[in-house]
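Engineer: need a 3D model of the following:
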Amino acid sequence: MTNYERVKNMSVEEMANFILTISDDEEIFCKIINGKFIYGSVCEVMQWLESEVTDNA
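Structural biologist: Model prediction:
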């Protein structure tokens, strides 16, 4: 299952909780999604969405 599939199948409550876990690292100008640093490009977000889920968080 990809991250996209996992996000797409979330309930409203799960989605709200997931969105609240996304954070900014202002020192290196990136987002942190499930512990993975995403450096603000659409390509990197797409790669994360298309990658396989690595945990159940």
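Engineer: flag every buried residue along stretch 22-34.
Structural biologist: Using 16 or more other CB atoms under 10 Å as the test for burial, stretch 22-34 gives 30-31, 33. Every residue, glycine included, has its C-beta placed from N, CA and C.
Engineer: between those, which sits nearest Thr2?
Structural biologist: Checking the buried residues of stretch 22-34 against Thr2 with CB to CB, the nearest one is Ile33 at 13.4 Å.
Engineer: pretty sure the closest one is touching Trp48, no?
Structural biologist: Yes: with contact defined as CB atoms under 8 Å, Ile33 reaches Trp48; the gap is 6.2 Å.
Engineer: wouldn't Trp48 be in contact with Lys36 here?
Structural biologist: Yes: using CB under 8 Å, Trp48 is in contact with Lys36, at 6.3 Å.
Engineer: Met10: what's it in contact with?
Structural biologist: Phe18 (CB atoms under 8 Å, 6 or more residues apart in numbering).
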